[in-house]
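**Q** I would like the atomic coordinates for the input below:
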Amino acid sequence: MLFDTHVHLNAEQYKEDLEEVINRALSSGVSTMVVVGFDRPTIEKAIELAEAYDFIYASVGWHPVDAIDMTPEDLNWLEQLAAHPKVVALGEMGLDYYWDKSPKEVQQEVFRKQIQLARKVKLPIIIHNRDATADIIEILKEEKAEEVGGIMHCFSGSPEIAQECIKMNFYISLGGPVTFKNAKQPKKVAELVPLERLLIETDCPYLTPHPHRGKRNEPSYVKLVAEQIAEIKGKTLEEVGAATSENAKKLFGIIR
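**A** Numbering: from 1, shown residues only. Next up is the predicted model:
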């Protein structure tokens, strides 16, 4: 049984065939999913899906690209939603220095506020990192994020950075890129990070794994990620599926 820790079934790309996508995931052995919200509309949809399906949970947070749009009311709203029985994490949050919609200092302030909120409500956090590794690690340390821990979502850093994150009580989550033929670094991370600190995800509809690269991603494809990790580690698919599911349930406090 597989646990996809990061899906965006709240995206427009699933408007026409959401039910079929969910059924394909279940048929592929996906037993649990976390739908990640990152602004008002996607958070509302994430909650709606979590309430509609017993095997779907939600994470709520503010994306760094849109940090400039977040108001104090939004932060209060996140705090209220944190009490929802199906909300298992805050995020995705973090820093994104690739896009320049939100200035770096605004992103950092919004990131810090969300970590502080997570410590207050005692929920793990899901980290989005694009071209901002050093600042993310510094902020996580300064804000004592290890108290709640969380996920380095779609981890793209080095094995050394992965170890530093693990020391801060974070899990390393791998997605589609680990299946790409030329992706040396994710494969090295899959090899070196202990199975008890690994998670799997699709980040669907993005980052579609090989051999479907270029098409819309969906949760059923998380099996391809698990198979690749199993091959790299010399494990069976069942072993990787069981271990990563157990890790996710432990992190999110899910008893199923």
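
**Q** pLDDT of stretch 183-197, averaged?
**A** Rounded to a whole number, the mean pLDDT of stretch 183-197 is 97.

**Q** try stretch 81-97
**A** According to the model, stretch 81-97 has a mean pLDDT of 98.

**Q** just stretch 42-59 next, same as before
**A** Averaged across stretch 42-59, the pLDDT comes to 98.

**Q** now that stretch: buried residues?
**A** Within stretch 42-59, the residues that count as buried by 16 or more other Cβ atoms under 10 Å are 42-43, 45-47, 49-50, 56-59. Every residue, glycine included, has its C-beta placed from N, CA and C.

**Q** repeat for stretch 30-39
**A** Using 16+ other Cβ under 10 Å, the residues of stretch 30-39 that count as buried are 30, 32-38.

**Q** report the rounded mean pLDDT for that stretch.
**A** Per-residue pLDDT values over stretch 30-39 give a mean of 98.

**Q** in which helix or strand does Ala46 reside?
**A** helix 40-52 (DSSP states H and E).

**Q** now do that helix: which elements does it pack against?
**A** If contacts are counted by 3 or more Cβ pairs under 8 Å, 6 or more residues apart in numbering; DSSP states H and E, helix 40-52 sits against strand 30-37, strand 56-60, helix 72-81.

**Q** give me the contact list for the longest one.
**A** Which is helix 72-81. 40, 43, 47, 60-62, 87, 90, 113-114, 117, 120-121 (Cβ atoms under 8 Å, 6 or more residues apart in numbering).

**Q** which one among these gets closest to Thr133?
**A** Minimum separation from Thr133 among the contacts of helix 72-81 (Cβ to Cβ) is found for Gln114, which lies at 18.1 Å.

**Q** residues contacting that closest one?
**A** For Gln114, the set of contacting residues under the criterion of Cβ under 8 Å, 6+ apart consists of 61-62, 75, 78, 90-91, 93, 125.

**Q** cutoff 6 Å now
**A** With contacts taken as Cβ atoms under 6 Å, 6 or more residues apart in numbering, Gln114 has the following neighbours: 61, 90, 93.

**Q** could you do Tyr14 as well?
**A** Neighbour list for Tyr14: Val21 [criterion: Cβ under 6 Å, 6+ apart].

**Q** which is the succeeding secondary structure element to the helix ranked longest in the chain?
**A** Scanning the chain for the longest helix, with DSSP state H as the assignment, gives helix 104-121. Along the chain past helix 104-121, the next helix or strand (assigned with DSSP H and E) turns out to be strand 125-130.

**Q** mind listing the strands that following strand pairs with, and their directions?
**A** For strand 125-130, the pairing partners within the sheet under DSSP bridges are strand 87-96 (parallel), strand 150-152 (parallel).

**Q** the strands in the stretch 101-250 of the chain, which residues?
**A** In chain order, the stretch 101-250 of the chain shows strands spanning 125-130, 150-152, 170-174, 198-200, with DSSP state E, counting those that start in this stretch as the criterion.

**Q** out of those, which one sits most buried?
**A** Each of the strands of the stretch 101-250 of the chain was given a mean neighbour count from mean count of other Cβ atoms under 10 Å, and the largest, a mean of 29, is that of strand 150-152.
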